[in-house]
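1. Turn this into a structure:
(one chain, ligands or ions: 2)
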Amino acid sequence: MKTVVIINSKGGSGKSTLAVNLAANLALKGQNPAILDLDPQGSSMRWLQNRPADLPEIHGIAGYEKKSTMTRAWQLQPPEGTNPLIVDTPAGLDKNGLAATSRGADAILIPVMPSDIDIHAAVNCIADLLLTTKSDMTQRRIGIIANRVRANTRVYARLERFLRSLDIPLVATFRDSQNYTRSAELGIGINEMPLWQVRKDVGAWKELNSWLDSTLNDVTNVRALPTRMGLRAVPSAVAPISPIAN
Ligand SMILES: Nc1ncnc2c1ncn2[C@@H]1O[C@H](COP(=O)(O)OP(=O)(O)OP(=O)(O)O)[C@@H](O)[C@H]1O
Ligand SMILES: [Mg+2]
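-> Ligands and ions are numbered 1, 2, ... in the order given. As a prediction, this is how the structure comes out:
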């Protein structure tokens with residue numbers, strides 16, 4: 001099973017929106033994704049609860065819940081046959097939280113809004129991520145999504161420059177669009193809305209799909225299995241995902 005972690009310490013950058021849309025998009029393509037929601041706000045779980053029964057089912061794991069009746073590893077275990085596991089993480093993660101949630105990830109997606117404050121926070125977040133994991137492999141698995149971008153916005157030129165210097169790709173640019181808020185309320189993904197309505201949004205999703213396909217299937221991108229030790233070392237809300245079979 002592959003794991004896609006969606007991360008950004010900055011609140012409201014679009015992590016949950018990206019997580020649920022990615023899950024819907026992959027389900028529409030015939031895959032069997034699961035969402036692990038580590039954020040006590042439970043946005044992804046709420047979206048799943050609103051999801052119409054006639055659409056492809058997506059399994060959800062409320063990773064923020066503390067269950068005394070089962071081990072943490074068992075609670076976080078996605079059902080057999082699901083792939084990939086998409087992890088929605090909370091805002092405000094510190095270095096340890098970033099390291100814990102991204103450990104074992106096959107791909108790490110960072111949604112960033114194109115404001116100066118958000119870009120500054122993202123730059124710090126990426127720096128923390130790279131410093132704490134201290135691995136070239138991590139860098140090769142990170143992709144940035146510029147989110148809520150209005151036409152002709154050039155604010156994120158600074159982010160682009162920074163990413164280029166680190167060789168981290170700007171994978172896709174999502175428009176600031178009511179389609180995202182509307183689809184979130186309905187428990188559907190943007191790609192499950194009528195094409196005439198989302199015509200301007202689907203291109204970005206093709207770009208994301210293509211990056212994700214090549215990143216998840218990159219045979220040189222082999223990772224070490226996450227250790228169980230990490231499960232005890234971090235707060236339960238940000239425990240890494242373990243065990244994962246390849
Ligand atoms: N591309 C977009 N266009 C319009 N609205 C968007 C877009 N992406 C996200 N939003 C809206 O922005 C708000 C924040 O998005 P979201 O909840 O996904 O962020 P988050 O990073 O998960 O937040 P938190 O850190 O609190 O978990 C939501 O109301 C969402 O509907
Ligand atoms: Mg969220």
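
2. List the contacts of the helix or strand harbouring residue 212.
-> Using DSSP states H and E, the element containing residue 212 is helix 202-216. Identification of contacts with helix 202-216 by CB atoms under 8 Å, 6 or more residues apart in numbering yields 2, 4, 21-22, 25, 29, 84, 106-107, 140-141, 143, 145, 169, 171-175, 190-191, 195, 221. C-beta coordinates here come from the backbone N, C-alpha and C atoms, glycine included.

3. gap between that helix and the chain center?
-> 13 Å (CA atoms, centre = their mean, to the nearest Å).

4. average pLDDT for it?
-> What helix 202-216 shows for mean pLDDT is 96.

5. That helix: which residues count as buried?
-> Along helix 202-216, these residues count as buried under the neighbour rule (16 or more other CB atoms under 10 Å): 204-205, 207-209, 211-212, 215-216.

6. Can you add distance to ligand 1 and give these back as CSV?
-> Compiled in CSV, those are given as follows (distance: CB to the nearest ligand atom, whole Å):
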residue, distance to ligand 1
204, 9
205, 12
207, 14
208, 12
209, 17
211, 18
212, 18
215, 21
216, 22
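
7. how about the residues of the protein that lie near ligand 2?
-> Taking CB under 5 Å from the ion as the criterion, the chain approaches ligand 2 at residues 15-16, 43.

8. how about a cut-off of 6 Å?
-> Applying the criterion CB under 6 Å from the ion, the portion of the chain that neighbours ligand 2 consists of 15-16, 39, 41, 43, 88.

9. Narrow those residues to those in strands?
-> Using DSSP state E, residue 88 are the members of the residues of the chain next to ligand 2 that sit in strands.

10. In the chain, which residue sits nearest ligand 2?
-> Using CB to the ion, the closest approach of the chain to ligand 2 is made by residue 16 at 3.3 Å.

11. any idea how far that residue lies from residue 113?
-> Spatial separation of residue 16 from residue 113 under the definition CB to CB, to the nearest Å is 14 Å.

12. in what helix or strand does residue 188 lie?
-> Short version, using DSSP H and E: residue 188 is in no helix or strand.

13. again but with residue 22, I slipped
-> helix 15-28.
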